[in-house]
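> Compute the structure for the input listed below.
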Amino acid sequence: MTNKQKLALLEELFDAEVGSLQPTSFLEDIEQWDSINKLSLIILMDEEFGKAIDGNDLKKLITVGDILELMGES
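A predicted model of the protein is given here:
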């Protein structure tokens, strides 16, 4: 999966405008980065990428690029 496809997944998850997220986007600046979407990200990571993440992992995320890195190689 390419980074563009991963970004599209995140935009859908956050209900964000297409093309609005960039790897350099700070999560704290994304209005939709709330507890519900954090839980949704945990589920997405498990179902789509087979990766288990927890609250400690979420606390380490600063940018959208950090999420892309957790998702793995393109």
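> neighbours of the closest residue to Phe26 other than its chain neighbours, just the number please.
Spatial nearest neighbour of Phe26, chain neighbours left out: Thr63 (5.7 Å); criterion: C-beta to C-beta, 6 or more residues apart in numbering. Glycine gets a C-beta too; all of them are placed from N, C-alpha and C. Residues lying near Thr63 (other C-beta atoms under 10 Å) number 18.
> Got phi/psi on Thr63?
Dihedral pair for Thr63: phi -120, psi 170, per degrees, to the nearest 10.
> go on, the one 3 residues further on?
Comment: the main-chain dihedrals of Asp66 come out as phi -60, psi -40, following degrees, to the nearest 10.
> Can you show me the strands along the protein?
Taking DSSP state E, the chain contains no strands at all.
> can you pull out the helices in it?
Counting by DSSP state H, the chain forms helices over residues 3-13, 35-49, 55-60, 64-71, given from the N-terminal end onward.
> so what secondary structure elements neighbour the first one?
So the one you mean is helix 3-13. Other elements packing on helix 3-13 under the criterion 3 or more C-beta pairs under 8 Å, 6 or more residues apart in numbering; DSSP states H and E are helix 35-49, helix 64-71.
> and the helices of the chain, which is most packed in?
helix 64-71 (a mean of 18; mean count of other C-beta atoms under 10 Å).
> Thought Leu21 was touching the residue nearest to Phe26, still the case?
No - distance between Thr63 and Leu21: 9.9 Å, which falls outside the contact criterion (C-beta atoms under 8 Å).
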